[in-house]
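J.: this one's structure only:
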């Protein structure tokens, strides 16, 4: 099932928070009217009350977030007690150097890609339990 089908089936409304205004404008153009609302916000300081959401997703954006611990703690804060947080992201596979630019960053100072171990530790510290993990490296390389 695609993300769009999942959202259509399970969500009554969706909200996207992104620091980059340009992505919000693109998102507004590409979504159906009324299906999604947009707010410009930092992942480490979300403008929502505690326990506001049933679920949250992070779809390739972690490589843009320097402080994953703060971001994950903030997601935990705005999720309801049994809320789920699903991450689909690009993760570091080795300690080798990047040949900048990469698609998400033009310089090392803004490239915050991290290994899955970093994500797991930050998620645990924020109060999440990692239920499953799937490495899609080979699929991505073939794509």
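T.: Yes, it's here. All values derive from a computational prediction rather than experimental measurement.
J.: Can you check the pLDDT for residue 92?
T.: The model reports residue 92 with a pLDDT of 92.
J.: how close does it sit to residue 137?
T.: 11 Å (C-beta to C-beta, to the nearest Å). Quick note: C-beta positions are derived from backbone N, CA and C, even for glycine.
J.: Have a look at the two and say which one is more surrounded.
T.: Higher neighbour count among residue 92 and residue 137: residue 92, with 17 against 10, using other C-beta atoms under 10 Å.
J.: who touches that one in this structure?
T.: When contacts are counted by C-beta atoms under 8 Å, 6 or more residues apart in numbering, residue 92 touches 113-115, 118.
J.: ok, what's across the strand from residue 56?
T.: residue 85 (DSSP bridges).
J.: pLDDT score for it?
T.: pLDDT, read off for residue 56, is 91.
J.: could you measure it against residue 104, distance?
T.: For residue 56, the distance to residue 104 - C-beta to C-beta - is 20 Å.
J.: How about residue 53?
T.: Residue 53 is 25 Å from residue 104, by C-beta to C-beta.
J.: Next: residue 47.
T.: Taking C-beta to C-beta, one finds residue 47 at 24 Å from residue 104.
J.: ditto for residue 66
T.: 13 Å.
J.: what does residue 139 give?
T.: 19 Å.
J.: Give me the more crowded residue out of the two.
T.: residue 104 (15 against 9).
J.: Not counting its neighbours along the chain, what's nearest that one?
T.: Distances taken as C-beta to C-beta, 6 or more residues apart in numbering put residue 63 closest to residue 104, at 5.0 Å, once the chain neighbours are dropped.
J.: Surely that neighbour is in a helix?
T.: Yes - under DSSP: H, G, I helix; E, B strand; the rest coil, residue 63 sits within a helix.
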